[in-house]
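> mind folding the following:
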Amino acid sequence: MGLYEPPPENTYGFRKCCKTVKAVVPIEDVARRYTELRPLGGKAWFDGRCPLPDHDDHNPSFYIYPPRRWRCYGCDRGGDVIDLEFYCGGHAELWEAMITLKEQFNVVLPEPPQSRRRKQARQRPIRDAIDEAMIYAARRRLYRRYFEPIILATEDVEDRKHDAQLFWEATAAPAEHLVANLMGRQQ
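Modelled structure (predicted):
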């Protein structure tokens, strides 16, 4: 999985990365990008107008509390620094907000455990063999559906052999693309 492919948000690795980002990124720095904050005493660190784009806040109803949490009493939402970036930064997915904060604040994310890497290495030949089989099956279907009728209509034997080879080779890229889309991978 590449850095920009969406990870499942319920995985241990994603939660661990989020925990690291939340521990490192100051929530008030992110909030200041989107709204003006005033320091407070007591239980809240700061207050200000709600920065969420769908809340037109005329009176300060946005508060930042320890430990690194925010709450808007006007729109009744709250969360952590990743939630704030998600809502205010225009991200489509929560993982995008986490990666944005990671990059902007130079957060070093935890590496996957060695056991996971070993498991992936053991499984790679199996995954590759499954991909090859699926690609071969897709090539055969593409060939039979789109090219075989053309080839069978060719009367010259040499032309037929040449066209058969040419069309078979032409099925490789579309079949790989189809399998990648089917498996949820982008090429």
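
> how is the protein carved up into domains?
12-104, 114-182 (automatic domain parsing).

> could those go into TSV alongside mean pLDDT and mean neighbour count?
(C-beta placed from N, C-alpha, C; glycine too.) Output for the domains of the chain, formatted as TSV (pLDDT from 0 to 100; neighbours: other Cβ atoms under 10 Å):
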stretch	mean pLDDT	mean neighbour count
domain 12-104	91	17
domain 114-182	91	13
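
> so how far is the lengthiest helix in the chain off the chain centroid?
When the chain is parsed with DSSP state H, its longest helix is helix 114-142. Between the centre of helix 114-142 and the centre of its host chain there is 21 Å, according to Cα atoms, centre = their mean, to the nearest Å.

> and the next element down the chain from it?
For helix 114-142, the succeeding helix or strand toward the C-terminus, using DSSP states H and E, is helix 148-153.

> got the contact list for that next one?
160, 163-164, 167 (Cβ atoms under 8 Å, 6 or more residues apart in numbering).

> so the helix or strand following that helix versus helix 114-142, what angle?
The C-terminal neighbour of helix 148-153 among helices and strands, as given by DSSP H and E, is helix 157-170. Helix 157-170 runs at 150 degrees relative to helix 114-142, counting by axes from the mean of the first three to the mean of the last three Cα atoms, to 10 degrees.

> what does helix 157-170 contact?
Contacts of helix 157-170 (Cβ under 8 Å, 6+ apart): 139, 143, 147, 150-152, 154.

> now the end-to-end length of stretch 42-57.
23 Å (Cα to Cα, to the nearest Å).

> now it: how far from the chain's centre is it?
Per Cα atoms, centre = their mean, the centroid offset for stretch 42-57 relative to its chain is 28 Å.

> got a list of contacts for it?
For stretch 42-57, the surrounding residues in contact (Cβ under 8 Å, 6+ apart) are 28, 31, 34-40, 58-66, 72, 74-75, 77, 84, 87-88, 90.

> thinking again about what came up before, export the contacts of helix 148-153 as JSON lines, with columns for distance to residue 18.
Formatted as JSON lines, the contacts of helix 148-153 follow (distance: Cβ to Cβ, whole Å):
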{"residue": "160", "distance to residue 18": "59"}
{"residue": "163", "distance to residue 18": "55"}
{"residue": "164", "distance to residue 18": "53"}
{"residue": "167", "distance to residue 18": "49"}
